[in-house]
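1. output the structure for:
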Amino acid sequence: MTIEIPLEYEGSTSLGFYIRLYNNYWYTYEEANDFCVQQGTRLAVVDTTDKINIIIALPGFDITYYYLVAATDNVKEGSFVWSTGSPVSRDAQLWHDYQPNNAGGNQNCLTLKQSKASLHDTDHVRFVSIVIFPGHVESEFLEWIWDGDVDFSKKNFSSLTLTTTALSEVNCLVICTQWVTNVAATFNSDTSTCSCYAELNGLPSNPGDRLWKTIPSGYDGSMSLGFYARLYHYYWYNYDEANDFCVQQGTRLAVLDTTEKIKIIVIALPGYSSTHHYLVAATDNVQEDSFVWSTGSPVSRDAQLWHDYQPNNDGGNQNCLTLTQSKFDDVTCTDDFKFICELI
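-> This is a model prediction of the structure:
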């Protein structure tokens, strides 16, 4: 496959990182983000020092300017997250002195200035765009799961990235793997039509399509259960913040309604620690002591699933649920914990 990089973009083939400075544009974060999307690009995710070095070496980079990049702390104040979902490093060498400081109480966006990160509010500033192109797969490992034969009266797809012919289903998945925005693929053995998709709603599919979906980097689980989850063990969020974060990633807080799912979390997921609490998607907000999953089903009261004397509603306000040492414990919803997101 031929990769064509727009003339205005420069960068590194080995990193798969090509960017452009917009020195003559002054946009807010939302305006800059929308502009990049309209160009088929995105605001730059500058999550390594190598990428920062590429930017400051570009002709036109001005050390006196602020350049917007793709990170905010909108979910939780002071916890900046890249648009890809990974946390912004708090390494002091990457930040200007006394940053982030949230001056004025409304600095929720990130800029690059003089090769270091600095906070900025919603004023108009310059920005950096990163080109998204075929051939660059950002995830460390891209796995596919077969979702089934598509019933075209029930399933819809949109954001068509590519339609082409392929000799086989395997060839189709190989082709779609090369597209950074790809989340699903369909292959029709009758017509040998392969389609790659960036989203899963809006455009009718064709009878005979078979649907495959990607598993993002960091997720692990079981194909037979259709359950794939990820621990966010570098984040500490309360229930609402964790729930919002998962939704922004196109996922949800994990629903651990079977012992098999709990075993996957405890045994299969990298980074799981029995010493920590992990928020999951259940509360007893509707009726005290009756915990319900976000799907509407009740949380089992099987004693083997709960720690001794739990739930105990300690302090009278423990309305959320965590998994710790492979068992459930009720906790205060406004306290911060690590959490688990689940693919949906």
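
2. which residues touch the residue nearest to L43 when sequence neighbours are not counted?
-> Residue nearest to L43 in three dimensions, not counting chain neighbours: A70, with 3.6 Å by CB to CB, 6 or more residues apart in numbering. In short, each C-beta sits where N, CA and C put it, glycine included. Counting by CB atoms under 8 Å, 6 or more residues apart in numbering, A70 makes contact with N33, R42, L43, A44, V45, W82, S83, T84, L110, I130.

3. tell me, how many residues neighbour the fourth one?
-> Burial measure for A44: 30 neighbouring residues, criterion other CB atoms under 10 Å.

4. can I assume the residue nearest to L43 sits in a strand?
-> Yes - the assignment for A70 by DSSP: H, G, I helix; E, B strand; the rest coil puts it in a strand.

5. do you know how far it is from V46?
-> Note on A70: its distance to V46, by CB to CB, to the nearest Å, is 8 Å.

6. check F328 too.
-> Distance, F328 to V46, using CB to CB: 40 Å.

7. the more surrounded of these two?
-> For F328 against V46, the residue with the higher neighbour count under other CB under 10 Å is V46, and the figures read 26 against 23.

8. thought L21 was touching G60?
-> Yes - look at L21 against G60 with CB atoms under 8 Å: they come within range, at 5.2 Å.

9. these two - which one has more neighbours?
-> Taking L21 and G60 together and counting by other CB under 10 Å, L21 has the greater number of neighbours (22 against 11).

10. name the SS class of that one, please.
-> Look at L21: counting by three-state DSSP, its state is strand.

11. okay, it: pLDDT?
-> At L21 the predicted local confidence, pLDDT, stands at 85.

12. please report how far it lies from Q249.
-> Here L21 is placed at a distance of 28 Å from Q249 (CB to CB).

13. SS state for F339?
-> Using three-state DSSP, the three-state assignment for F339 comes out as strand.

14. please renumber so the chain begins at 28
-> Sure, I'll start numbering at 28, so the last one becomes F366.

15. surely it and C273 touch.
-> Yes - the criterion here is CB under 8 Å, and F366 meets it with C273 at 7.5 Å.

16. what's around P127, how many residues?
-> 20.

17. phi, psi of it?
-> Taking degrees, to the nearest 10, you get phi -80, psi 140 for the backbone angles of P127.

18. quick one: contacts for the closest residue to Q345 other than its chain neighbours?
-> The spatial neighbour of Q345 that comes closest, neighbours along the chain excluded (CB to CB, 6+ apart), is D357 at 4.1 Å. Contact criterion CB under 8 Å, 6+ apart gives D311, F318, Q337, P338, N339, N340, D341, Q345, N346, C347, L348, T349 as the residues in contact with D357.
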